[in-house]
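Student: heads up, no residue letters with this:
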């Protein structure tokens, strides 16, 4: 009996190591607040990774397609139920994540005889003002990270998601110095592409402490865009619009890219 807790801890550690290895190749996602809303962006060749959830809420995710779809549908159903029983304005990203999705993912992760969710998720909720924009990252074990100010860090108007924690950290370090919340869509797009490149370049490194040089980032971005497409969507801040979420095609965005 004494050994049981230790076996559980060992099983959890093995499970975490396995999930991290499965998620490591995931293409990064950048989410940036800009003058007119929030931009989600990634680069890839295959399946969709950015989704509308409800009204002012969008999600970007990496992981197993089946688990992503299960979590996406759960988020949509929860938000829709809340909006139907109360009102659309009562649907809150904080409630959706803190009281529903996070507990479900934590429970699945800790039940070692059942399958965990192989997914990382990045949510954003656009506010009436830039200061009200909310970004929440949800890990496979239910851990939540927000962009809100704490005793340890200032509030951020961006967020990142990547296959490894180090890659994500370097993306955030890059955006902290290169992104401005009052940027227009073109500037936000180029900052997001550069941040994606930083994340993609550092997925396979374990010793990088600083983001790569700007020239290397731009070269990598150019090489990747020659063979892959841009997936992007925005949550528009205009309260007069019935639908805030809008997808942008690769063809629409290419003319906005600066060399």
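Tutor: In hand now; what should we look at? Just so we're clear, the structure is a prediction, and the values are computed from it rather than from any experiment. Numbering: from 1, shown residues only.

Student: which residues in the stretch 51-200 of the chain form helices?
Tutor: 65-85, 93-96, 102-110, 165-178, 185-201 (DSSP state H, counting those that start in this stretch).

Student: spatially nearest residue to the residue positioned nearest the centre of the chain, not counting backbone neighbours?
Tutor: Nearest to the mean C-alpha position of the chain, counting by CA atoms, centre = their mean, stands residue 122 at 2.8 Å. Distances taken as CB to CB, 6 or more residues apart in numbering put residue 161 closest to residue 122, at 4.1 Å, once the chain neighbours are dropped. Using the backbone N, CA and C atoms, a C-beta is placed for each residue, glycine as well.

Student: which ones are touching that neighbour?
Tutor: 28, 29, 31, 60, 61, 62, 120, 121, 122, 137, 168 (CB atoms under 8 Å, 6 or more residues apart in numbering).

Student: next: residue 170.
Tutor: Per CB under 8 Å, 6+ apart, neighbours of residue 170: 198, 199, 202, 208, 210, 211.

Student: circling back: CSV for the contacts of residue 161, including distance to residue 186 and pLDDT?
Tutor: Shown next, in CSV, are those (distance: CB to CB, whole Å; pLDDT from 0 to 100):
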residue, distance to residue 186, pLDDT
28, 20, 97
29, 19, 98
31, 17, 97
60, 20, 97
61, 26, 97
62, 26, 96
120, 28, 97
121, 27, 97
122, 22, 97
137, 26, 96
168, 25, 95
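
Student: wait, what's in contact with the residue lying closest to residue 78 once chain neighbours are set aside?
Tutor: Counting by CB to CB, 6+ apart, residue 100 is the residue found nearest to residue 78 once chain neighbours are left out, at 5.0 Å. By CB under 8 Å, 6+ apart, the contact list for residue 100 reads 74, 75, 78.

Student: out of the contacts of residue 170, which end up buried?
Tutor: Neighbour-count burial (16 or more other CB atoms under 10 Å) applied to the contacts of residue 170 gives 198, 199, 202, 211.

Student: lowest-confidence entry in the residues you listed?
Tutor: Among the buried ones among the contacts of residue 170, residue 211 has the lowest pLDDT, at 89.

Student: need the three-state assignment for that residue.
Tutor: Secondary structure assignment for residue 211 (DSSP: H, G, I helix; E, B strand; the rest coil): coil.

Student: list the contacts for the nearest residue to residue 45 once chain neighbours are set aside?
Tutor: Nearest residue to residue 45 in three dimensions, chain neighbours excluded: residue 228, at 4.9 Å (CB to CB, 6+ apart). The neighbourhood of residue 228, defined by CB under 8 Å, 6+ apart, consists of 43, 44, 45.

Student: same question for residue 38.
Tutor: Listed by CB under 8 Å, 6+ apart, the contact set of residue 38 reads 31, 32, 58, 124, 126, 133, 234, 235.

Student: and these as CSV, adding neighbour count and distance to residue 176?
Tutor: Below are the contacts of residue 38 laid out as CSV (neighbours: other CB atoms under 10 Å; distance: CB to CB, whole Å):
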residue, neighbour count, distance to residue 176
31, 30, 14
32, 30, 12
58, 27, 22
124, 27, 17
126, 26, 21
133, 27, 16
234, 23, 21
235, 24, 21
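
Student: and which of these is nearest to residue 180?
Tutor: residue 32 (9.6 Å; CB to CB).

Student: shouldn't that closest one be in contact with residue 39?
Tutor: Yes. Residue 32 lies in contact with residue 39 (CB atoms under 8 Å); the separation is 5.0 Å.

Student: what do these two both touch?
Tutor: Taking CB under 8 Å, 6+ apart as the criterion, residue 32 and residue 39 both touch 188, 192.

Student: got the contacts of residue 38 as JSON lines, with distance to residue 105 columns?
Tutor: Putting the contacts of residue 38 into JSON lines (distance: CB to CB, whole Å) gives the following:
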{"residue": "31", "distance to residue 105": "19"}
{"residue": "32", "distance to residue 105": "25"}
{"residue": "58", "distance to residue 105": "19"}
{"residue": "124", "distance to residue 105": "18"}
{"residue": "126", "distance to residue 105": "24"}
{"residue": "133", "distance to residue 105": "23"}
{"residue": "234", "distance to residue 105": "27"}
{"residue": "235", "distance to residue 105": "23"}
